[in-house]
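**Student:** what shape does this take:
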Amino acid sequence: MTNFSRAGVYLAAMIFGAGLTGQALAETTVVVGYQQIVGPFINAIADGSIDAAAEKAGYKIDWRQFSSGGDISTALASGNVPVGVIGSTGIAAAATRGVDMQLFWILDNIGKSEALVARSGSGIESPADLAGKNVAVPFVSTSHFHLLVGMDQVWKIDPRSVNILNMKPPQILAAWQRGDIDAAYVWPPVLSELMKDGKVIADSEQIGAASVPTFDGLVVSTDFASENPEFMQAFTDALAASYADYNANKAAWTADSAQVANIVKLIGGEAAGVVEALGMLSFPDAAEQASATWLGGGALKAVSESARFLVEQKQIDKALDDYAPFVNASFAQAAAK
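**Tutor:** Alright, predicted model coming up:
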């Protein structure tokens, strides 16, 4: 989880060779970048299923790792990267700043992987007890967004009654260990550490269900999508298959499974940690992607609300009147049929 977009899988694509304006040719290569978060997408990279689908459509994927959502946003804006993974808050920021792109796949619902934890002995048993307490959160992050949304729309708490402190995750852990803070809204691995001596009193799954969710999503430049429909559909179909397999067999994704080994091989870490992180996220299948919950309406609402949040935090000057042009459900709809 990251600012603007949770530390997650990032996708970038650059097309080389001939055939960009017409039907894709066999020699067309797409450079695809990813980053270190867990999910069916990473397994689908490692097991070659996305490569196989792309090759049938006449494309070859060159997988490469990217380091930050900021890099992806900049590359999208420059036109050098037509496809990328950005979180819901980052999508709102990039769209508002004029990046011509479309959200076409929800990589994950952040859900339980971001949570509000109260320190043992703090006297906080529920969100109603936050008044007068010191609560830490990384500002302008998806956690910050849901903390404020929870106060405003769900718990009906005046944020001015709570001492909200801007801290990065390592600072949160240090302050927690010193006893300087009473609660924190954050993500793993710091979240896992806080839970050893704390109690989860709310999470982004609960707040998202009562308001708007936070998520990581795949976006594509509008021009690239229209010029390369074969690649886009093949790619999305492969994603749909990988998500369907996970949701049907998630119990089999254990620490000693091939799928978890694939993820560890590609992004590092420990198998047990990967399993724990998978359990905190949810991964909507193609039908849910295309439904009103996500690309059919929910994602648009989430991006719009995120833009309003960014204006309040003075990260953007003014929100757009309509973010609908930045959501494209057509590829997920076709994959769901």
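**Student:** packing partners of the longest helix out of those in the chain?
**Tutor:** Counting residues, the longest helix found in the chain (DSSP state H) is helix 229-249. Judged by 3 or more C-beta pairs under 8 Å, 6 or more residues apart in numbering; DSSP states H and E, the packing partners of helix 229-249 are helix 40-46, helix 49-56, strand 59-65, strand 101-109, helix 286-290, helix 330-336. In this view, the C-beta of every residue, glycine as well, is placed from N, C-alpha and C.
**Student:** outside of stretch 243-263, which residues touch it?
**Tutor:** With contacts defined as C-beta atoms under 8 Å, 6 or more residues apart in numbering, stretch 243-263 is touched by 38-40, 42-43, 46-47, 269, 271-272, 274-275, 278, 283-286.
**Student:** which of those are buried?
**Tutor:** By neighbour count, with 16 or more other C-beta atoms under 10 Å, these hold 38-40, 42-43, 46, 274-275, 278, 283-286 as buried.
**Student:** so where's the chain uncertain?
**Tutor:** 1-27, 33, 35-37, 65-70 (pLDDT under 70).
**Student:** same question for Gly217, what's its three-state structure.
**Tutor:** Secondary structure, DSSP: H, G, I helix; E, B strand; the rest coil: Gly217 is strand.
**Student:** re the thing from before, could the buried ones among the contacts of stretch 243-263 go into JSON lines alongside distance to Asp71?
**Tutor:** Converted to JSON lines, the buried ones among the contacts of stretch 243-263 look like this (distance: C-beta to C-beta, whole Å):
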{"residue": "Val38", "distance to Asp71": "20"}
{"residue": "Gly39", "distance to Asp71": "20"}
{"residue": "Pro40", "distance to Asp71": "24"}
{"residue": "Ile42", "distance to Asp71": "19"}
{"residue": "Asn43", "distance to Asp71": "24"}
{"residue": "Ala46", "distance to Asp71": "22"}
{"residue": "Val274", "distance to Asp71": "24"}
{"residue": "Val275", "distance to Asp71": "29"}
{"residue": "Leu278", "distance to Asp71": "26"}
{"residue": "Phe283", "distance to Asp71": "24"}
{"residue": "Pro284", "distance to Asp71": "26"}
{"residue": "Asp285", "distance to Asp71": "29"}
{"residue": "Ala286", "distance to Asp71": "29"}
